[in-house]
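Trainee: Compute the structure for the input listed below.
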Amino acid sequence: MYELFVLGELMTGDKHGYMLQDILKNAAGPTRQISSGTLYPLLSRLVDGGLIHLRHEEESEGGRTRKVYGVTEAGRARFRELMEEPLPYDGETERLFGFKMVYFQYVGKDVRLSCLRQYASYLEKNRKYVVDFEAKLLAHKPEPEKQRVQLLRVFDRRKTVWAAEIEWVKREIERVEKEE
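Mentor: Numbers count the residues shown, from 1 in each chain. Below you'll find the predicted structure:
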C-alpha cells in the first residue's frame, strides 16, 4: 500500500522524503502514521529497484542537502500494475481504495471502473455478512438480552454506513461510465 502511495505521489512531481511523510500522515489520518523507519527504507528499496530516482538538492536555509525523489518509467509501469491489482478483502481494503481513488487521474477508465466495482462488491459482501448474522441473532435470541440488543444497534449502524457508501459508489460508477 505504501509503495502505491509513494509512486502515486511522485506521479504528481518530485518530492523530498519529509514531504512524502507529511502527505501520507495527512492522507492516512490521525490513527495511522507512517514512521521514518518505514518510509525511508521503502524509498531506498524503490531507488535500488529502479522505480524511483534520487537527486541531492542543496537547501537554501542552513546549507543542508535535501534528498529529492522522482518516479522513473519503470516506476510508472509499477504504479499502473499496483492500480490494476484487485483490492484485497482485508482490514486495509478501505484505506487502499481511498489511496487508489486519489490517483485515478493517472489510469484509464477501465481501471477506475474495475476498482470501483471491486469496492462495491467488498461493501456488499460485508453488508450481507451483517444482515445474515443479524438474522441469526433475531431468530435465536442469545442471552444476555442487553448485549444482543446493543449488538443489533451496532449492526444497524454498520448497515446504514455501508448502504450510504454503496449508493455513493454506484453513483461514482455511473459518473465514470458516462466519461468519454
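
Trainee: buried sites along the longest helix along the chain?
Mentor: For the chain, the longest helix by residue count, based on DSSP state H, is helix 145-178. Within helix 145-178, the residues scored as buried using 16 or more other CB atoms under 10 Å are 155, 158, 162, 165-166, 169, 172-173. In short, each C-beta sits where N, CA and C put it, glycine included.

Trainee: Against which helices or strands is it packed?
Mentor: helix 109-140 (3 or more CB pairs under 8 Å, 6 or more residues apart in numbering; DSSP states H and E).

Trainee: Could you give me the buried positions within the helix it packs on?
Mentor: Buried-residue list, helix 109-140, by 16+ other CB under 10 Å: 111-112, 114-116, 118-120, 122-123, 126-127, 130, 134.

Trainee: how far off helix 145-178 does it point, in degrees?
Mentor: Interaxial angle of helix 109-140 relative to helix 145-178 (axes from the mean of the first three to the mean of the last three CA atoms, to 10 degrees): 160 degrees.

Trainee: which strands and helices sit next to helix 109-140?
Mentor: Helix 109-140 packs on helix 73-84, helix 93-102, helix 145-178, going by 3+ CB pairs under 8 Å, 6+ apart.

Trainee: is it possible to export those to TSV including distance to residue 19 and mean pLDDT?
Mentor: TSV is the format used below for those (distance: least, CB to CB, whole Å; pLDDT from 0 to 100):
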stretch	distance to residue 19	mean pLDDT
helix 73-84	17	97
helix 93-102	15	92
helix 145-178	29	94
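
Trainee: between the buried residues of helix 109-140, which is nearest residue 51?
Mentor: Closest approach to residue 51 among those (CB to CB): residue 111, at 18.8 Å.

Trainee: quick one, which of the helices and strands packed on helix 109-140 is nearest to residue 54?
Mentor: Of all the helices and strands packed on helix 109-140, helix 73-84 comes closest under CB to CB, at 11.9 Å.

Trainee: What is the burial count for residue 94?
Mentor: The number of residues packed near residue 94 is 14, by other CB atoms under 10 Å.

Trainee: separation between it and residue 110?
Mentor: 22 Å (CB to CB, to the nearest Å).

Trainee: if I look at the closest residue to residue 142 other than its chain neighbours, how far off is residue 170?
Mentor: What sits nearest to residue 142 in space, not counting adjacent residues and going by CB to CB, 6 or more residues apart in numbering, is residue 148, at 5.8 Å. Per CB to CB, residue 148 is found 32 Å from residue 170.

Trainee: same check, this time on residue 93
Mentor: 18 Å.
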